[in-house]
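Enquirer: just the structure for this:
(4 chains)
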Number of protein chains: 4
Amino acid sequence: MAEATIKSMESCIEDCLACVKACNECYDACLGETHIDKMRDCIRLDRECADLCAFTAHAMTMRSSYRGELALLCAEACQRCGEACAKHEHEHCRRCAEACFRCAESCLKLARELSAL
Amino acid sequence: MAEATIKSMESCIEDCLACVKACNECYDACLGETHIDKMRDCIRLDRECADLCAFTAHAMTMRSSYRGELALLCAEACQRCGEACAKHEHEHCRRCAEACFRCAESCLKLARELSAL
Amino acid sequence: MAEATIKSMESCIEDCLACVKACNECYDACLGETHIDKMRDCIRLDRECADLCAFTAHAMTMRSSYRGELALLCAEACQRCGEACAKHEHEHCRRCAEACFRCAESCLKLARELSAL
Amino acid sequence: MAEATIKSMESCIEDCLACVKACNECYDACLGETHIDKMRDCIRLDRECADLCAFTAHAMTMRSSYRGELALLCAEACQRCGEACAKHEHEHCRRCAEACFRCAESCLKLARELSAL
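Expert: Below you'll find the predicted structure:
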């Protein structure tokens, strides 16, 4: 693996883990919101995204052969979760959207370098 | 490992997996309920319980040294989730409570046999 | 989701879980083999395959939007692990290869029905 | 949750994730060692420890009720894996042992503060 790709992977692991954290904090806060009926999509996508980011980060640390394809799938989940969160004005949603978009970009970059794209 | 314990573990794996399924189906259905504000506990506990059951079953299949302690923790999560679900009349909650209580019992039995208790 | 697809998903969950079990048992046994130097690939692929099958089954039970794409990736991991195991004559490898090939087929069928292919 | 405990949890999440990384890198390297027959324990414990650290970190980010008990179990897995790695002179084992011992300490501290001890 090229030096540049190793660096991309290190960044990607960090961005995935930051995204797990932001998604799970958003999930937790959404479940406590007064207007929880408006947060259904957020809750569902937060969990999906957190689960996939955690699994992808884990796969990257063990240099799994599937890390490229997982990064691609993870980028998709992050993008979708980020878009849902960006529609809300809660501070936790705003922070989650930010982490999601950063992670989506990072995953796409890595997937491209690993030739999964 | 004694023959009886192997049998208990096989049953426990099955009960954990049935519980993952029931909890995740209940989680999915709860997120779609009209009165979602009354389902907050269910949603949260369904996810926790499903995650822990899936992890415990995985640990049992790989004969992890921590399967006894995980089974004990899993029993606690199942008991708590089952009690929350049992308060609701939705069919998915009823089915979930049933799977949780069966799994709690099964995990306790195994934990006892593995001397984790 | 069509009735037929629901049935395919139920079978697929079962096949994934049987594959987790077979892979982890094979992993465990490989680590105990006298000629462990010949089992390196098996050990590595067993873990990757078990992890991915467990995650995919979990995603299917919660009707994650990514279950189709995960099923496709899972099919690939199962195929590769099955081929590695099929080269060995150990009983655990033979059983693992069988579970892997069945799961690969089941995942492909589901992915096709979910239009992930 | 007290301010101090929040800080301990943030540190613990970081230490768990660093431990996942070190364990999985050690696992990967052990599978490539010439004398793999001497690395059996390392491989097995690396995987167990990485899985448990990843799961515990995930549970902490979602403020799961079981994070205290998981931290305690994680401390045990880290301690055992660290001790096995410390017996070897490979650079990856040395780095893994270091990450394990730091994580064990961090998990114990958190478990104590969350009254899981």
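Enquirer: list the contacts of A:Phe55.
Expert: Contacts for A:Phe55 (Cβ atoms under 8 Å, 6 or more residues apart in numbering or on different chains) come out as A:70, C:51, C:55. In this view, the C-beta of every residue, glycine as well, is placed from N, C-alpha and C.
Enquirer: the first one is in what secondary structure piece?
Expert: Looking back up the chat, that one is A:Leu70. Here A:Leu70, judged by DSSP states H and E, is contained in helix A:67-85.
Enquirer: next helix or strand past that helix?
Expert: For helix A:67-85, the following helix or strand on the C-terminal side (DSSP H and E) is helix A:91-113.
Enquirer: now check that following helix, is it near chain D?
Expert: No - judged by Cβ under 8 Å from any Cβ of the partner chain, helix A:91-113 and chain D are separated, with a smallest distance of 11.5 Å.
Enquirer: can you list the buried residues in that helix?
Expert: The neighbour-count check on helix A:91-113 (16 or more other Cβ atoms under 10 Å in any protein chain shown) flags A:92-93, A:95-104, A:106-111, A:113 as buried.
Enquirer: report the angle between that helix and helix A:67-85.
Expert: 150 degrees (axes from the mean of the first three to the mean of the last three Cα atoms, to 10 degrees).
Enquirer: alongside chain D, which residues does chain A contribute?
Expert: Counting by Cβ under 8 Å from any Cβ, chain A sits next to chain D at A:13, A:17, A:20-21, A:24-25, A:27-28, A:50, A:54, A:57-58, A:61-63.
Enquirer: quick check: the farthest pair among these?
Expert: Largest separation among the residues of chain A next to chain D by Cβ to Cβ: A:Asp28 and A:Arg63, giving 31.4 Å.
Enquirer: show the contacting residues for A:Ser106.
Expert: Counting by Cβ under 8 Å, 6+ apart, A:Ser106 makes contact with A:8, A:11-12, A:15-16.
Enquirer: residue contacts, the spatially closest residue to it that is not a sequence neighbour?
Expert: Excluding its sequence neighbours, the residue lying closest to A:Ser106 (Cβ to Cβ, 6 or more residues apart in numbering or on different chains) is A:Asp15, at 4.1 Å. Contact partners of A:Asp15, counting by Cβ under 8 Å, 6+ apart, are A:99, A:102-103, A:106-107.
Enquirer: from these, pick the one nearest B:Glu33.
Expert: Closest to B:Glu33, out of all of the contacts of A:Asp15 and judged by Cβ to Cβ, is A:Ala99, at 28.7 Å.
Enquirer: isn't the closest one up against A:Leu17?
Expert: No - A:Ala99 lies out of contact with A:Leu17 (Cβ atoms under 8 Å); the separation is 9.8 Å.
Enquirer: assign A:Ser64 to helix, strand or coil.
Expert: Under the three-state scheme (DSSP: H, G, I helix; E, B strand; the rest coil), A:Ser64 adopts coil.
Enquirer: does it touch A:Ala57 like I think?
Expert: No - contact criterion Cβ under 8 Å: A:Ser64 and A:Ala57 do not qualify, at 10.9 Å.
Enquirer: higher neighbour count, these two?
Expert: A count of neighbours by other Cβ atoms under 10 Å in any protein chain shown puts A:Ala57 above the other of A:Ser64 and A:Ala57, at 29 against 23.
Enquirer: quick check: that one touching A:Ala18?
Expert: No - using Cβ under 8 Å as the test, A:Ala57 is too far from A:Ala18 to be in contact (9.9 Å).
Enquirer: got any residues that touch both of these two?
Expert: By Cβ under 8 Å, 6+ apart, no residue touches both A:Ala57 and A:Ala18.
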